[in-house]
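Chemist: Mind looking at a prediction? Sequence and model below.
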Amino acid sequence: MLITACATVEKPGGGPIDTTEPEFTAAFPADSSVRFTGDRIVLEFSEFVKLNNPNSQVLVNPFPKEKPELSVQGKKVKIILKDSLLLNTTYHIYFGTAIQDITEGRSAAGLEYVFSTGDVLDSCSLSGFAGDAFTNKSSDKAWILLYNTLNDFKDTLPVYVARVNAQGAFTFRNIAPGNYYMCALEDNNSNYRFDLPDEKIAFKQMPFQLSAADPKQDSISLPLFSEATKDQKHLKSELIHYHTVRSSFRLSLENPEITFLSKTANVEYNYWKDHKDTLIFWVKGDADSLNYIIRDGAFSDTIQQSLKVKGRMKDYSTDTTVRITSVTKDKIAFDRTMILASPTPITNWQYDRIFLIRNKDTMPVVFEKLADSKGERWQLKSDLKPGDNAVLTLKKGAVTDFFSYTNDSISIAFKVLGESELGTIEISLTNIPGKALMVYASGKEQQVLQFEDEKTSIIEIKNIIPGEYDLKIVIDENNDGKWTPGNFDERLQPEKVFTLPRPTLVKQNFLTKVSWNLKY
């Protein structure tokens, strides 16, 4: 009896781990060939290889309408060019991590193949960096696109395409001489077109002019941004505490009108955060859900949120304890006050159950509701002095909230820092743009936002709690007190943001000096 079967190729077992990447040994036709007329390319490697997601990894420039077809046979990779080739054109194929060894999956990193259908290889190049326009942090998923005209960005495939690396850097090689408009796109639907409102983009107004005399341009910066939308939208509703609902919206609410549909005895609500893009509802009564209609200008929506939802850590439908936290943490500058916050409005303070101990002495204490609060944010009024160490203790039942529930006992220790325990940052500016500035200092201890006029050359940020701070300066072009992104149709660039590569260390009783060039 004769038994036959097909052989199955498997990686060999045993032996040392393969630590080398596949080595490119030969190509047919040879790499950098001219007068190319075929439609097939074969690459040979030093070991058996496999393909890894070639549709997304392999890039061909000029960008083809139809992607090439790749297949593997042993140590060979066959490439079939599906698109017709242009005359007298240099083509550049970048393989990314598409070709790997079959044992450990190591990629033939940096592998490229170039050929020309003409008599010479084009050698022009463009390179640069793409990063977020507000944070200046690099993008690792942006595509860089070159066009003959800037209007092609929304509805035409690019002429050349490059992908940024993990550090946001990109390079185009073997480009033909000519004029090219450059755009960047975090392409959420993988069609190489800017056609979704949440896609991050960047663009250059003027073309890059490449020629035999000037074949290279580098250090190109592409600040990515998402366009500000004018269409309001309800984003999310969630239960964050007992009968406490947070509803978030895409844009700030101007003059919302709320119509409640639930059968509830009493509902209070308030804006949340400076931009008024969030509403907080506190629902009294035994309702199972909050149902309401919100109208704000042309925007209208009907929203429903169950009040019987269990959170990941707590059952918010039964978690009635009033929770008090300190917004100002355990260190407070002498020119600031302690702020306490609660997820629900506090309606009563029982001061005989509240104790403020300063350096072992008991002090009188009063809490004052913040002007923009319904009772969920209060400031401590006391005679504390710089250098004082204090402990604020709220015994069980010291506070009562909107729902008539009370707190568990809590103690908050803090220190009032005097001027000698704080630091100052002095920023000396050069190439002042003559525009209003927004200056940010962001650290674990403190967040500072300071506004400066167009004539400012020396910026002082005083009374900062010691620590490391990330500094940022925004050029407020339209003087509206906030960072404004760009707009492609209006050809507006995002407002320029300057950041420093490293945090600035603030020491106590010390002046930290920073020199900053705002040239752009």
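Modeler: Perfect, I can see it now. Predicted model, so just to flag it, every value in this text is computed and none were measured.
Chemist: My guess is Pro207 contacts Cys183. True?
Modeler: No: here Pro207 lies out of contact with Cys183, judged by C-beta atoms under 8 Å, at a distance of 11.5 Å. (C-beta placed from N, C-alpha, C; glycine too.)
Chemist: buried stuff in the helix or strand bottoming out on mean pLDDT in the chain?
Modeler: The least trusted helix or strand in the chain, going by mean pLDDT, DSSP states H and E, turns out to be strand 266-272, with a mean of 78. By neighbour count, with 16 or more other C-beta atoms under 10 Å as the criterion, the buried positions of strand 266-272 are 267, 269-272.
Chemist: Compare Pro207 and Cys183 (neighbour count), which wins?
Modeler: In terms of neighbours (other C-beta atoms under 10 Å), Cys183 is the more surrounded of Pro207 and Cys183; the figures are 22 against 16.
Chemist: What's the separation between that one and Leu59?
Modeler: Separation of Cys183 from Leu59 (C-beta to C-beta, to the nearest Å): 16 Å.
Chemist: One more: Gly110?
Modeler: According to C-beta to C-beta, Gly110 stands 13 Å off from Leu59.
Chemist: so what are the domain limits for this protein?
Modeler: By the assignment in automatic domain parsing, the chain contains the domains 24-116, 124-224, 234-306, 325-419, 422-517.
Chemist: I'd like the average pLDDT over the fourth one.
Modeler: Looking back up the chat, that one is domain 325-419. What domain 325-419 shows for mean pLDDT is 94.
Chemist: swap in the first one?
Modeler: For domain 24-116, the per-residue pLDDT values average out at 95.
Chemist: Burial check on Gly96, number of neighbours?
Modeler: The burial metric for Gly96, expressed as a neighbour count using other C-beta under 10 Å, is 20.
Chemist: Which residue comes closest to it once chain neighbours are left out?
Modeler: Taking C-beta to C-beta, 6 or more residues apart in numbering, and ignoring the residues beside it in sequence, Gly96 has Gln57 as its nearest neighbour in space, at 3.6 Å.
Chemist: these two touch, right, the one you found and Thr97?
Modeler: Yes: taking contacts as C-beta under 8 Å, Gln57 lies within contact range of Thr97: 5.6 Å.
Chemist: Show me what the least confident helix or strand of the chain packs onto, helices and strands only.
Modeler: Helices and strands touching strand 266-272, by 3 or more C-beta pairs under 8 Å, 6 or more residues apart in numbering; DSSP states H and E, are strand 278-284.
Chemist: Could you list the alpha-carbon positions for the strand it packs on in CSV?
Modeler: Once side chains and other backbone atoms are set aside, the C-alpha atoms of strand 278-284 remain, and they are given as CSV (Å, rounded to 0.1, in the frame of the first residue of the first chain):
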residue,chain,number,x,y,z
THR,A,278,-20.7,69.6,30.8
LEU,A,279,-23.8,69.5,32.9
ILE,A,280,-24.2,67.9,36.3
PHE,A,281,-27.7,66.8,37.5
TRP,A,282,-28.7,65.9,41.0
VAL,A,283,-32.0,64.0,41.0
LYS,A,284,-34.1,63.8,44.2
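Chemist: Relative to the whole chain's centre, how far out is that strand?
Modeler: For strand 278-284, the gap between its own C-alpha mean and the chain's C-alpha mean amounts to 28 Å (C-alpha atoms, centre = their mean, to the nearest Å).
Chemist: quick one, it and strand 266-272 angle?
Modeler: When axes from the mean of the first three to the mean of the last three C-alpha atoms, to 10 degrees is applied, the directions of strand 278-284 and strand 266-272 differ by 160 degrees.
Chemist: Make 39 the starting number, not 1.
Modeler: Sure, I'll start counting at 39 from here, so that last one is strand 316-322.
Chemist: what does the average pLDDT come to for strand 316-322?
Modeler: Predicted confidence along strand 316-322 averages 92 (mean pLDDT).
Chemist: Sheet partners, orientation included, of it?
Modeler: Partner strands and pairing direction for strand 316-322 (DSSP bridges) are strand 282-287 (antiparallel), strand 304-310 (antiparallel).
Chemist: Distance check, the residue nearest to Leu149 when sequence neighbours are not counted against Phe66.
Modeler: Nearest non-adjacent residue to Leu149, counting by C-beta to C-beta, 6+ apart: Phe133, 4.4 Å away. With distances taken as C-beta to C-beta, Phe133 is found 16 Å from Phe66.
Chemist: Neighbour count: the two, which is higher?
Modeler: Taking other C-beta under 10 Å, Phe133 and Phe66 do not tie; Phe133 has more neighbours (24 against 14).
Chemist: and the more buried one, what is it in contact with?
Modeler: With contacts defined as C-beta atoms under 8 Å, 6 or more residues apart in numbering, Phe133 is in contact with 95-96, 146, 149-151.
Chemist: Mind putting these into JSON lines with neighbour count and secondary structure?
Modeler: Below are those laid out as JSON lines (neighbours: other C-beta atoms under 10 Å; DSSP: H, G, I helix; E, B strand; the rest coil):
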{"residue": "Gln95", "neighbour count": "17", "secondary structure": "helix"}
{"residue": "Val96", "neighbour count": "20", "secondary structure": "coil"}
{"residue": "Ala146", "neighbour count": "21", "secondary structure": "coil"}
{"residue": "Leu149", "neighbour count": "21", "secondary structure": "coil"}
{"residue": "Glu150", "neighbour count": "14", "secondary structure": "strand"}
{"residue": "Tyr151", "neighbour count": "20", "secondary structure": "strand"}
